[in-house]
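Q: below: sequence and its predicted model.
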Amino acid sequence: MDTSLISVSNLSHRYNTQWAVRGVSFDLPKTGIYGLLGSNGAGKSTTMNVMSGVLKQTEGEVIVGGISLSKDPIAAKKLIGFLPQHAPLHPDTTVEEYLTNCGRLRKIPGNELKAAVNEVMEKVSIAHFSKRLIRNLSGGYQQRVGIAQAIIHKPALIILDEPTNGLDPNQIIEVRKLVKDIAKERAVIFSTHILTEVHAICDHILMIDRGKLVFSGRTQEFDEYLKPDTLFVRLLSAPPVEELLHVEGVNSAEHLGGADYRLKIVNASGIAERIVSESVRRNWRMEAIHAEKTSLNDVFSELSK
Ligand SMILES: Nc1ncnc2c1ncn2[C@@H]1O[C@H](COP(=O)(O)OP(=O)(O)OP(=O)(O)O)[C@@H](O)[C@H]1O
């Protein structure tokens, strides 16, 4: 595809005898935020390590900007910035020293280096800590430095492996903001095992399960899998399950014990309202009603069907 920035075809990787990734193919266009979603051990890091050229795949091909990553890795890697799962920081250098070294490794000409370092420090809002040793920065600021080294050479594609992992809730919000900001100028793909995270910031979702790509599509399409189809209700009068089936849209009902029930619903629109009015009419004494959240496992099993 002409318009794709990176094209991954039939990617498979095996560690010793175990396949970590099997036959994964996708194309990413030139802009946007792509989420690689998968539970622990699904194959996200393996895929990202191959995409960024730090791991040589067992089978398949990665083409970046029309250049084969295995045939011309130097040219292809110029187009990529990568933040691995463990940021490759040097704790005993200052932020400025570290980023200057990164700029040199990225072959930024000497007369442009200082400006490039200053620009990237501004971009990730760390200029005020330029003289601070990296080891003395908080986790969130260290992650900003990690992101800075990935974007210092202004690559077309940024690959971030679980950039919010291990951060506190405020730092997570800051890093997500930063990811959105840097994606204005380029394509960003980041991995996560947190469903709400991809949902919060991605335009497009790629989902991987046990090494296989099980979903690739826009976030709206993905939402179809997230619509809850069960409701939890607490009815203090503990009516027989059959009574609950009278409500239009309730497909089945399970008594969970005590006053608690799980209702499987088929037509979600207006269902809560109908249950509440039926509860008043039949004096079920409703104490609670809420939609049950779809878990990542539920989505996986739905998608893997
Ligand atoms: N260096 C390695 N040697 C052997 N097996 C490995 C190696 N790295 C990963 N694996 C295995 O490959 C599979 C995929 O691992 P990978 O790290 O790609 O998954 P992941 O989705 O990134 O998981 P996590 O979120 O836990 O990092 C797992 O079963 C893992 O145990």
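A: Received it, and whenever you're ready, just let me know what you need.
Q: going by C-alpha atoms from here, please, whenever you check contacts or count neighbours.
A: Noted.
Q: so who does Glu292 touch?
A: 228-232 (C-alpha atoms under 8 Å, 6 or more residues apart in numbering).
Q: hmm, I typed the wrong one, I wanted Asp92.
A: 133-135.
Q: go again using 6 Å as the cut-off
A: Leu133 (C-alpha atoms under 6 Å, 6 or more residues apart in numbering).
Q: what distance do you get for it to the ligand?
A: For Asp92, the distance to the ligand equals 26 Å [C-alpha to the nearest ligand atom, to the nearest Å].
Q: am I right that that residue is in a strand?
A: No: using DSSP: H, G, I helix; E, B strand; the rest coil, the assignment for Asp92 is coil, not a strand.
Q: phi, psi of it?
A: Torsion angles at Asp92 (phi, psi; degrees, to the nearest 10) stand at phi -90, psi 10.
Q: just the buried residues of the contacts of Glu292.
A: 229-232 (16 or more other C-alpha atoms under 10 Å).
Q: of the residues you listed, closest to the ligand?
A: Asp229 (27.4 Å; C-alpha to the nearest ligand atom).
Q: wait, the closest one sits on Leu263?
A: No: if you go by C-alpha atoms under 6 Å, Asp229 and Leu263 don't touch, sitting 8.3 Å apart.
Q: taking the stretch 51-200 of the chain, what residue is nearest to the ligand?
A: His193 (6.5 Å).
Q: count of neighbours near Gly103?
A: By other C-alpha atoms under 10 Å, 23 other residues sit near Gly103.
Q: i'd like the first residue to be 31 from this point on
A: That works, and once the first residue is 31, the last one we named lands at Gly133.
Q: find the nearest non-adjacent residue to Tyr291, please.
A: His285 (4.6 Å; C-alpha to C-alpha, 6 or more residues apart in numbering).
Q: list the buried residues in the helix or strand where Asp211 lies.
A: Per DSSP states H and E, Asp211 falls inside helix 199-212. Buried residues in helix 199-212, counting neighbours by 16+ other C-alpha under 10 Å, are found at 201-202, 204-206, 208-210, 212.
Q: check stretch 212-232 too.
A: Neighbour count says stretch 212-232 has 212-213, 216-223, 225, 227-229, 231-232 buried, by 16+ other C-alpha under 10 Å.
Q: and stretch 104-111, by the same measure?
A: Buried-residue list, stretch 104-111, by 16+ other C-alpha under 10 Å: 106-111.
Q: inside helices: which ones of those?
A: The helices, defined by DSSP state H, take in 106-107 from the buried residues of stretch 104-111.
Q: spell out which parts of this protein neighbour the ligand.
A: When proximity is defined as C-alpha under 6 Å from any ligand atom, the chain approaches the ligand at 45, 50, 68-76.
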